[in-house]
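Participant: what follows is a protein structure lacking sequence information:
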């Protein structure tokens, strides 16, 4: 009876949360992204220098090895003594220290979760990148299924729940909130103060002005003193979020971070977890997909393509959080849970991210060469396993983006919109400010089955950042594979998808 009552709340939750959605896309061009005088917050799949983690570790050592091998590893630690310890272990694991930068900062009790307190990359209209520093003061807000202002907080010091109201504020994470200051100083990047809660695991963006969060985020901001309309206004003016989609909560009780429910994998595609049909959360997830996500349109004026990744209960009876994965340049790092569905999840990621290297990581604490006492104590209640349904790989990693990136966004032609000459629309921004090499901006294409790539120029379309290309009419009935390439005078070469030519789009 209780479970039925909880399920019955879904409809109410949907109605309340959907009314939070702010559609502010008036006047936007359907075919291109234009930054104009707005700030722009980078998407996860954009060009990055490397990954931010902390020492003592909160992730498997094998993941650390891969992160350092694939890109640069930024390790936050407290002092020289800790650096010596980290260095010794890194050398034991064969990590090239030339691929490691140590960042000094005090650590609070939430230091592990670099995703949540860590900064986003915000590009100003003049092309400069700042670190967007949201408020992160409480450890850690949770709520029930309904979208209301009811919050409780996890006390990570003593591992129990306690209730709190607005007259009994207790601060836990000021140290972590301040960690972005030395990070920005040591990276020589300016800091953009965000006067609102911007918890990273509950903020996903497409890089072209749209954000997604679950409705606990507006509750957290109201608790902090930022009312809903002010929250939207600040996100628009400071982060460039013209459309902010606030979705229903999806857990009966928890932190409700959206990266455990879904993942944006490009500007118009959403990967959503799919529980077994007999699971108590199945209908909640389905209602969010059918009644909320399916009603939204992309910045290019079309419905989102919604793909599903099957999940299943772990030995701890929580759903495996396969969407809590980390996309960095040409690799997807996926948490695995030692259950049969792991292989299905990895195969799904490979299917939806063609050309990307997909790497899975288990996290049994008793198999790790080094585990801090705090880490051991915190995860003992999860069966000595380091991942769980609301706290996995994405939560504890954060990109350090390339401040001179060559940005590309592509509006891909869809079959339902096919014309005699279907167009591919490309938006380019060279943040190195060295300038694009115009004859190097191209579309590469081939008919499926061919080994040879054809190339055609991207033609400027009324704006120095907007380009268009089309496929020859004579191949309109074939299946076409294609990708975009652009070059800057800075020496940067960028492609979409990032893995091209191994990965490519299909029309």
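Facilitator: Here it is on my side, so go on. Since this is a predicted model, take the numbers as computed values, not measurements.

Participant: alpha carbons only for contacts and neighbour counts from here, please
Facilitator: OK.

Participant: where along the stretch 301-450 of the chain do the helices fall?
Facilitator: All helices of the stretch 301-450 of the chain, identified by DSSP state H, counting those that start in this stretch, fall at 341-352, 373-379.

Participant: sorry, wrong one. I was asking about the stretch 1-150 of the chain.
Facilitator: 2-18, 61-70, 80-92, 114-117.

Participant: if you average pLDDT over each of these, which is lowest?
Facilitator: The weakest mean pLDDT among the helices of the stretch 1-150 of the chain belongs to helix 2-18, with a mean of 40.

Participant: return the most buried member of the helices of the stretch 301-450 of the chain.
Facilitator: Among those, judged by mean count of other CA atoms under 10 Å, the one packed with the most neighbours on average is helix 341-352 (a mean of 18).

Participant: what packs against that helix?
Facilitator: strand 305-310, strand 357-361 (3 or more CA pairs under 8 Å, 6 or more residues apart in numbering; DSSP states H and E).

Participant: show residues contacting it.
Facilitator: Residues external to helix 341-352 that are found in contact with it (CA atoms under 8 Å, 6 or more residues apart in numbering): 307, 309-312, 322, 332, 334, 336, 356-360.

Participant: and with 10 Å instead?
Facilitator: 265, 269-271, 273, 307-314, 320-323, 325, 332-336, 353, 356-362 (CA atoms under 10 Å, 6 or more residues apart in numbering).

Participant: ok, of the residues you listed, which come out buried?
Facilitator: 265, 269-271, 273, 307-314, 320-323, 325, 332-336, 353, 356, 358-362 (16 or more other CA atoms under 10 Å).

Participant: which stretches of the stretch 351-500 of the chain have low pLDDT?
Facilitator: 382, 416-421, 474-477 (pLDDT under 70).

Participant: strands along that one, start to end?
Facilitator: For the stretch 351-500 of the chain, applying DSSP state E, counting those that start in this stretch gives strands covering 357-361, 398-401, 406-411, 423-430, 442-447, 454-457, 459-460, 466-470, 480-487, 493-496.

Participant: residue 207 is nearest to which of those?
Facilitator: Proximity to residue 207 (CA to CA) singles out strand 406-411 among these, at 8.5 Å.

Participant: which residue ranges make up each domain of the protein?
Facilitator: 2-401, 406-506 (automatic domain parsing).

Participant: name the stretch among those that sits most buried.
Facilitator: domain 2-401 (a mean of 19).

Participant: make CSV out of the helices and strands packed on helix 341-352 and add distance to residue 286.
Facilitator: Supplementary listing: the helices and strands packed on helix 341-352 in CSV, determined by distance: least, CA to CA, whole Å:
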stretch, distance to residue 286
strand 305-310, 11
strand 357-361, 26
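
Participant: now for the strand or helix carrying residue 177, which elements pack on it?
Facilitator: Using DSSP states H and E, the element containing residue 177 is helix 174-178. For helix 174-178, the packing partners by 3 or more CA pairs under 10 Å, 6 or more residues apart in numbering; DSSP states H and E come out as helix 114-117, strand 129-135.

Participant: hmm, try it at 8 Å
Facilitator: Partner elements for helix 174-178 (3+ CA pairs under 8 Å, 6+ apart): none found.

Participant: what's the next secondary structure element after that helix?
Facilitator: helix 180-187.

Participant: any idea how far the following helix or strand past that next one is from the chain center?
Facilitator: Sequence-wise, the next helix or strand downstream of helix 180-187 (DSSP H and E) is strand 190-197. Averaged C-alpha coordinates place strand 190-197 at 18 Å from its chain's average position (CA atoms, centre = their mean, to the nearest Å).

Participant: let me see the mean pLDDT of strand 190-197.
Facilitator: Mean predicted confidence for strand 190-197 is 98.

Participant: partner strands of that strand, with direction?
Facilitator: Neighbouring strands of strand 190-197 in its sheet, by DSSP bridges, are strand 129-135 (parallel).

Participant: which residues are in contact with the strand it pairs with?
Facilitator: Against strand 129-135 from outside (CA under 8 Å, 6+ apart): 117-124, 177, 180, 184, 189-199, 239, 403.
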